[in-house]
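*Asks:* I'll drop the sequence and a predicted model, then ask my questions.
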Amino acid sequence: MVCLAKRALKRVFTPFFLAKTLALAIALTPIITASHSQAGTVAPPPPGSSAGNGSGNAPNQPVLDAQGCPLTIVSGPFAGEPVWAAGTQQARALTQQLLQRNQLAPNTVSCVYAFTSDDLNASTDGRNLYVTQALWQLLDSPSERAFVVGHELSHITRHHIPQTAGRRIGIAATQSLVGWLTRGNAPATAATVKKASQVGLALLDLRYSREAEYEADHYGLMLMQQAGYSPQGAVTALQRLEDASGATTPEFLRSHPLNTARIQALANQMR
């Protein structure tokens, strides 16, 4: 009976089957998003609270600033990076301005940080927003900075981070299923099938990542325009990034679209 079941499953194991399995994981993303929001997000204590403010009541808690954010980056991909105070103040003011003028809730973003780094980078973990000193100083105008902040805000408001987490759970489950279906095959055949599925699923994941970047550009442009910034700043920001970093990797292997393609998409949106 087990052998018959395995043979039947192998007959339906096709690229279409893999795509449908991944589509199911993507369809379940709202459920995963909700569970992450309920179980994994903890708002920072309000300013003036006793938790972690140096009063000695909670010695294991980080010291908070006037906005209720830790004075140092204590979690996420940039934990431990030195905070750049002047840039942090500027980025926070700009973020609050975009939130207010677009009538978004103040708690859409928990904390905003600029930190000392030579990398040209801005990112979000779905709650906090990060920008490097090198990128902030590269951007030459408030409109360029507004686009970068609006782009990252859009990743938050469009729920891209939990969607990515849900999609990758689906990819991991699909790869495990492939491993189970190929257990009885010759080692070389099983290895070839597993490798092909890994490459195919990875490319599909990259495609969805690029689509999220285009969407963040689209809504980021809308956010900055609503806040009164020139949309041309979005184009010049990407041009500066293109000039500073270049792009040698083919787009189909990149999680972010090529800057030239993003500039063209923004130009089309502004027509």
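*Replies:* Ah, there it is. Numbering: from 1, shown residues only.
*Asks:* so where's this structure uncertain?
*Replies:* Low-confidence segments of the chain, defined by pLDDT under 70: 1-60, 162-208, 246-257.
*Asks:* one more time with 90, if that's ok
*Replies:* For the chain, the stretches with pLDDT under 90 are 1-68, 70-81, 119-121, 124-126, 140, 158-214, 241-271.
*Asks:* in it, which spans are helices?
*Replies:* Assigned by DSSP state H, the helices in the chain fall at 2-12, 15-27, 29-40, 85-101, 133-138, 142-157, 160-181, 187-226, 232-245, 259-270.
*Asks:* list the contacts for the residue lying closest to residue 241 once chain neighbours are set aside?
*Replies:* Nearest residue to residue 241, sequence neighbours excluded (C-beta to C-beta, 6 or more residues apart in numbering): residue 259, at 5.6 Å. Just so you know, the C-beta spots here come from the backbone N, C-alpha and C atoms, and that holds for glycine as well. Applying C-beta atoms under 8 Å, 6 or more residues apart in numbering, we find residue 259 in contact with 238-239, 241-242, 247.
*Asks:* ditto for residue 266
*Replies:* Counting by C-beta under 8 Å, 6+ apart, residue 266 touches 217, 221, 231, 234-235, 238.
*Asks:* Counting neighbours, which of the residues you listed comes out on top?
*Replies:* Ranked by neighbour count (other C-beta atoms under 10 Å), the contacts of residue 266 have residue 234 at the top, with 28 neighbours.
*Asks:* Residue 135 contacts residue 148, correct?
*Replies:* Yes: counting by C-beta atoms under 8 Å, residue 135 does reach residue 148; the two are 7.0 Å apart.
*Asks:* and for those two, which residues touch both?
*Replies:* With contacts defined as C-beta under 8 Å, 6+ apart, the residues shared by residue 135 and residue 148 are residue 122.
*Asks:* Tell me the spacing between residue 90 and residue 258.
*Replies:* 29 Å (C-beta to C-beta, to the nearest Å).
*Asks:* Over to residue 224?
*Replies:* Distance, residue 224 to residue 258, by C-beta to C-beta: 21 Å.
*Asks:* Looking at those two, which is more packed in?
*Replies:* Using other C-beta under 10 Å, the more surrounded residue of residue 224 and residue 258 is residue 224, with 30 against 16.
*Asks:* OK, contacts around that one?
*Replies:* Taking C-beta under 8 Å, 6+ apart, we find residue 224 in contact with 98, 143, 146-147, 150, 231, 233-234.
*Asks:* And residue 158, by the same measure?
*Replies:* Counting by C-beta under 8 Å, 6+ apart, the residues that residue 158 touches are 212, 215-216, 219.
*Asks:* again, only this time at 10 Å
*Replies:* The neighbours of residue 158, taking C-beta atoms under 10 Å, 6 or more residues apart in numbering as the test, are 212, 215-216, 218-220.
*Asks:* Give me the buried entries from those.
*Replies:* 212, 216, 219-220 (16 or more other C-beta atoms under 10 Å).
*Asks:* Tell me how many other residues crowd residue 85.
*Replies:* The burial count for residue 85: 12, using other C-beta under 10 Å.
*Asks:* before we move on, what about residue 233?
*Replies:* By other C-beta under 10 Å, 23 other residues sit near residue 233.
*Asks:* So for it, what's the nearest residue that isn't a sequence neighbour?
*Replies:* Spatially, and ignoring its direct neighbours in sequence, residue 233 is nearest to residue 143 (2.5 Å; C-beta to C-beta, 6+ apart).
*Asks:* How many residues are close by that neighbour?
*Replies:* Neighbourhood size, residue 143 [other C-beta under 10 Å]: 21.
*Asks:* ok, it touching residue 232?
*Replies:* Yes: shown here, residue 143 and residue 232 form a contact pair, counting by C-beta atoms under 10 Å, at 6.8 Å.
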